[in-house]
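>>> Please find the sequence and the predicted model below.
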Amino acid sequence: MTAPTHIRVHLFAGLRPGPRLLVTSAVHGNEIHGSKAMAEIIRQLDAGELTLLRGTLTLVPIVNPLAHRLNRREGDRNLNRNLRPPVIAHDFEDRVARVLCPLIAQHDGILDLHSFQGNGPAFAMIGPRNNSGELEPFSQEATESALAAVLGVGRIVEGWLSTYALGLQRRQQREHDGSRRATLISDPHYGVGTTEYMRSTGGWAITLECGQHLDPNGPEVARLAILRTLVFLGMLDESAVEPHRPAQAPELLQLYDVIDREDLGDRFEREWASFDAIDKGQQIGTRASGEAVLAPSEGRIVFPNVKSQPGTEWFYLARPSDRKLG
């Protein structure tokens, strides 16, 4: 099979200056709720059913066309890790990055649309608090917080990159086999994907997980989120979409730890789903050695992955956040 040779990009340039918004989907090829939503929004813009008031809207329905063609998460590797413009392209995702990274840098913000394997409602992921540290310096906390609150989800998660870096410190203490994959997952830059790259350019970024891969409501979750983002930015009239008026405030969680799988014999105590509640001292799993893996505190388990490989993330831990959204 011949690998794809281009990425399809739709650009709508308003005749009045304004924000530059990038919306992406299928960074992982089998996550297409956003792709379907964009098809409808493109149709509405072309038909005059939606009117772009100002700014620039760039839609990339399928960021990773090889993975999409194969109907799987990755082509040669995970595009949403170790994202940077390569000096020498080693794989298909490197070639995508050569196009994607400059495109990201041309915009003020990104809404990156995904879906997930397990069951559960949609949720959003936002970046760090404002800071001037070395890992992820940032000054757009207020924008991300306010936008996340209007997208239409009942759960918002923060703390991805700092938690990933914590796990990396442990990973670097373990020996690896010297392969390119092992080198990549030990690289501090490995935790950088589309949203982290956008923040590194000074922009804001939100990841929206639109539901389970096959959830029939996923495309509508994505469509409403795109429209609400455009209204939030003043790029569409408020009448374009019903505002999100939740009966209660969204649950706000902070990732604080990541546990790697060390051996294929490591196993979960039961079938976990993201955001299942856990109690302090509760057994989450068992190492191949027989050692029990216990919850260090009360909170939630996030992104449990029964298919993870040794040396990669097995699950994350989260607890309530004190962040203010608006």
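Cool, the structure landed. Residues are numbered from 1 along each chain as shown.
>>> contacts, neighbours, all on C-alpha from now
Will do.
>>> quick one: average pLDDT of the helix or strand harbouring I104?
Here I104, judged by DSSP states H and E, is contained in helix 92-105. When pLDDT is averaged along helix 92-105, the result is 98.
>>> helix or strand right after it?
Scanning forward in sequence from helix 92-105 by DSSP H and E, the next helix or strand is strand 109-116.
>>> Would you check that M38 makes contact with R223?
Yes - taking contacts as C-alpha atoms under 8 Å, M38 lies within contact range of R223: 7.0 Å.
>>> follow-up on the earlier one: quick one: residues in contact with the helix holding I104.
With C-alpha atoms under 8 Å, 6 or more residues apart in numbering as the contact definition, helix 92-105 has outside contacts at 3, 7, 22, 63-64, 66, 75-79, 83-86, 89, 110, 194, 197-198, 201.
>>> For it, buried residues please.
By neighbour count with 16 or more other C-alpha atoms under 10 Å, helix 92-105 contains the buried residues 92-98, 100-101, 104-105.
>>> now swap in stretch 164-176 and tell me
Of all the residues in stretch 164-176, those buried under the rule 16+ other C-alpha under 10 Å are 164-165, 167-168, 171.
>>> who's in contact with L52?
Contacts here follow C-alpha under 8 Å, 6+ apart; on that basis L52 touches 12, 14, 45, 235-236.
>>> Mind giving me the PyMOL command for buried ones among those residues?
The buried residues among the contacts of L52 can be selected in PyMOL (16+ other C-alpha under 10 Å) with this line:
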select buried, resi 14+235+236
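>>> Show me this protein divided up by domain.
10-246, 254-320 (automatic domain parsing).
>>> What is the end-to-end distance of the last one?
In this case it means domain 254-320. Using C-alpha to C-alpha, to the nearest Å, one end of domain 254-320 lies 6 Å from the other.
>>> One more: stretch 13-33?
Using C-alpha to C-alpha, one end of stretch 13-33 lies 24 Å from the other.
>>> Thank you, goodbye.
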